[in-house]
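Novice: Here you go, sequence then predicted model.
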Amino acid sequence: MSEVLAIRDLFLRFRGYSGVSEVLHGISLDIRAGERVALVGESGSGKSVTARIVLGLLQELPSAQVEGGLFFEGEDLNGLSRRQWQALRGTSISMIFQDPTSSLNPVFTIGTQFAEVLRRRDPKLSREAADERASTLLQSVSIHDHARVLGAYPFQLSGGMNQRVVIAMALANHPSLLIADEPGTALDVTVQAQTLKLMHELVEQSGTAVFFISHNLGVVREFADRVFVIYRGRIVEQGPTPAIFENPGHAYTRALMAAVPRITGGGLPDLNDSEAAFLEPMVVHEGGDA
Amino acid sequence: MTPLLSLRHVSKTFGTGPRAVHAVRDVSFDVTQGECLAVVGESGSGKTTLANMILGVFGQSSGEIWFDGKGLPTRRTLEHRSAIQLVQQNPLSSLNPKRSVGASIRLGLDVFGIGTRSDRWRLVENSLEEVGLPGDFRRRPPAALSGGQCQRVAIARALACQSRLVILDEPTSALDVLVQARVLRLLEDLRRVKGLSYVFITHDLSVVRNVADRVAVFRAGELVECAQTRAIFEDPQMDYTRQLIGAVPVIADEELKLRESLSGGLPA
């Protein structure tokens, strides 16, 4: 199977007033066509910066130094000009952010924003045609009163509704890669479950590969085919989802799993603070390798 | 035994006429000494309004709130205010960024007149040590602390005022899972040692299962179900409770089994 995204030995440093801080220490990962791959880790471990590098957003920052191989559908992304990056975003690669209400523009209606997204791929699209396409797309995310939603501003809709609008927008131009950065975290647990189920069905239908970023192991288990566990800018364990959850090999992964409270009870976990073991070499499960 | 906190037919309505919002409707429950009552529900279900009424931020529209056998007036005395404390969700925004964390903790002691003036810095250091932070952290600004450390400071601040009831408003939802486990453990230990009572507001049911004695499920301002934690999870009486438990993302096989056995399905 062909790889949609391949990251090879990616390093990231930020230059600040207090010197250089190293954020990513050579991470490698790959996503095949139609696959759902999750990157799991704590805050500050380098999940979101990885996503922003894939979108070419950090490369524009003068204080960030990005090094390493970045390939999208076989094409080397490092050589792209600003204009070429711009053409890629929202068409072949799209992204869903954590907080749907703040990722939509509050001063434009959903309809206007939808038309803007659709015109990325088809610049001459009329507003009527855009509205019509937007309506079908909204129906695919189970929004049935699409006329009201298209005329509404983001703050007039609920968080779950906004996130569904964002998902519909992200998939509107048939991207081959969708980056989802904690898509359910800002939502209620029932809404999160609905949203993820919906996203699961949609990417399955369209064959879109998903790069799923999360700190919630339960969500990852339900959504992803393969999992990469990241700790302080290093991948510590990778493999197919069942292998990781049934047989976690790395001390950090085991600590993460032990720390999650269970709905079957059993009290609070006892944590041993052996953080030295978290820096052990990477564990690769069979089938986790490209 | 008289319950420490007791709510009787408490309602809160914001606004009047046709645009009135009934945030909390006719809620009654008790919290006994040393108990942890979890209040769960989705956003907009009235959890925070309830907390604000117990704290006295605003009064209830109808009904009565009793604390330690006496009715609580809307205008609270200093004694009431120090006995009922709050720990908020986001520790970085609940601490004043321009004060050292020690000064934030000391403010409560000064206002409530706890200890002698010369003794208060020592009390501040003691309360920091109680939550597992070194006493000399009192000189640091909140910005120099991690999220987990800030949350510990917020807990220390609530405990320094000799509180008896602590309202925990999503105390761990802004924290990472490893940090969350440590803070929950700390809260549990403090409750046992000091005989505190908690009203634990959260939407994370897997946390609730492991820390709460009883659970109150809220939906649209109404108390849907209130029972022992075990009963809520193993034999929920209401469909809504089933749906809530059914939507929790889980990692272990036995959890999946429990969830499937409830088979509430997702709300439409």
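Specialist: On my side now, so go ahead. Everything numeric here is computed off the predicted structure, so don't read it as measured data.
Novice: Test for you: state the pLDDT assigned to residue 89.
Specialist: All of this is about chain A. Here the pLDDT value assigned to residue A:89 is 90.
Novice: try again with chain B
Specialist: Reported pLDDT for residue B:89: 86.
Novice: Number of residues surrounding it?
Specialist: Using other C-beta atoms under 10 Å in any protein chain shown, the number of residues around residue B:89 comes to 19. From N, CA and C alone the C-beta is placed, and that goes for glycine too.
Novice: Which residue, other than its chain neighbours, is closest to it?
Specialist: Leaving aside its chain neighbours, residue B:89 sits nearest to residue B:170 (4.0 Å; criterion: C-beta to C-beta, 6 or more residues apart in numbering or on different chains).
Novice: For the nearest residue to residue A:36 once chain neighbours are set aside, which residues are in contact?
Specialist: Nearest residue to residue A:36, sequence neighbours excluded (C-beta to C-beta, 6+ apart): residue A:210, at 4.5 Å. By C-beta atoms under 8 Å, 6 or more residues apart in numbering or on different chains, the contact list for residue A:210 reads A:31, A:35, A:36, A:37, A:177, A:178, A:179, A:180, A:199, A:203, A:223.
Novice: residue contacts, the residue in the stretch 101-250 of chain A that chain B sits nearest to?
Specialist: Closest to chain B within the stretch 101-250 of chain A is residue A:218: 2.9 Å, counting by C-beta to the nearest C-beta. Applying C-beta under 8 Å, 6+ apart, we find residue A:218 in contact with A:260, B:206, B:248, B:249, B:250, B:251.
Novice: residue contacts, the nearest residue to the third one once chain neighbours are set aside?
Specialist: Meaning residue B:248. Spatially, and ignoring its direct neighbours in sequence, residue B:248 is nearest to residue B:205 (5.0 Å; C-beta to C-beta, 6+ apart). Residue B:205 is in contact with A:189, A:263, B:40, B:233, B:244, B:245, B:248, counting by C-beta under 8 Å, 6+ apart.
Novice: where along the stretch 101-250 of chain A do the strands fall?
Specialist: Ranges of strands in the stretch 101-250 of chain A, per DSSP state E, counting those that start in this stretch, are A:177-181, A:209-214, A:226-231, A:234-240.
Novice: Report the backbone C-alpha coordinates of stretch B:226-234 in PDB.
Specialist: The C-alpha trace of stretch B:226-234 is given here as PDB (Å, rounded to 0.1, in the frame of the first residue of the first chain):
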ATOM      1  CA  CYS B 226     -28.800  10.000  42.600                       C
ATOM      2  CA  ALA B 227     -27.400   6.800  44.100                       C
ATOM      3  CA  GLN B 228     -24.300   5.000  45.400                       C
ATOM      4  CA  THR B 229     -21.500   5.000  42.800                       C
ATOM      5  CA  ARG B 230     -21.600   1.200  42.400                       C
ATOM      6  CA  ALA B 231     -25.300   1.200  41.800                       C
ATOM      7  CA  ILE B 232     -25.100   4.000  39.200                       C
ATOM      8  CA  PHE B 233     -22.500   2.100  37.200                       C
ATOM      9  CA  GLU B 234     -23.700  -1.400  37.500                       C
END
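Novice: who in the stretch 51-200 of chain B is up against chain A?
Specialist: Applying C-beta under 8 Å from any C-beta of the partner chain, we find that the stretch 51-200 of chain B lies next to chain A at B:147, B:176, B:177, B:178, B:179, B:180, B:181, B:182, B:184, B:185, B:188.
Novice: so can I have JSON lines of the strands of the stretch 101-250 of chain A showing distance to residue B:44 and mean pLDDT?
Specialist: Output for the strands of the stretch 101-250 of chain A, formatted as JSON lines (distance: least, C-beta to C-beta, whole Å; pLDDT from 0 to 100):
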{"stretch": "strand A:177-181", "distance to residue B:44": "25", "mean pLDDT": "93"}
{"stretch": "strand A:209-214", "distance to residue B:44": "24", "mean pLDDT": "94"}
{"stretch": "strand A:226-231", "distance to residue B:44": "33", "mean pLDDT": "94"}
{"stretch": "strand A:234-240", "distance to residue B:44": "39", "mean pLDDT": "94"}
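Novice: For the most centrally placed residue in chain B, pull up the helix or strand it's in.
Specialist: In chain B, the C-alpha nearest the mean C-alpha coordinate belongs to residue B:168, at 1.9 Å (C-alpha atoms, centre = their mean). Per DSSP states H and E: residue B:168 is located in strand B:165-169.
Novice: Partner strands of that strand, with direction?
Specialist: Take DSSP bridges as the rule and strand B:165-169 pairs in its sheet with strand B:84-87 (parallel), strand B:197-202 (parallel).
Novice: can these go into JSON lines with extra columns for mean neighbour count?
Specialist: Shown next, in JSON lines, are the strands paired with strand B:165-169 (neighbours: other C-beta atoms under 10 Å in any protein chain shown):
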{"stretch": "strand B:84-87", "mean neighbour count": "24"}
{"stretch": "strand B:197-202", "mean neighbour count": "24"}
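Novice: With distance to residue A:122 added, can I get these in CSV?
Specialist: Converted to CSV, the strands paired with strand B:165-169 look like this (distance: least, C-beta to C-beta, whole Å):
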stretch, distance to residue A:122
strand B:84-87, 52
strand B:197-202, 46
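Novice: right, and these - which one's nearest residue B:158?
Specialist: strand B:84-87 (3.8 Å; C-beta to C-beta).
Novice: Dump the C-alpha coordinates for that closest one into CSV.
Specialist: Taking C-alpha atoms only, strand B:84-87 is exported to CSV below (Å, rounded to 0.1, in the frame of the first residue of the first chain):
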residue,chain,number,x,y,z
ILE,B,84,-16.9,26.2,52.0
GLN,B,85,-14.1,26.5,49.5
LEU,B,86,-13.7,26.1,45.7
VAL,B,87,-11.1,24.5,43.5
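Novice: hmm, who's touching that strand?
Specialist: B:51, B:54-56, B:67, B:94, B:151, B:154-155, B:157-159, B:161, B:163-169, B:171.
Novice: What ranges does the chain have for its helices?
Specialist: Assuming you mean chain A. A:47-54, A:82-88, A:100-103, A:110-121, A:127-140, A:146-151, A:159-172, A:189-206, A:217-223, A:241-246, A:251-259 (DSSP state H).
Novice: that's the wrong chain, I wanted chain B
Specialist: So, for chain B - with DSSP H - the helices run B:47-55, B:78-83, B:91-94, B:101-112, B:120-130, B:147-160, B:177-194, B:205-211, B:229-234, B:239-246, B:253-262.
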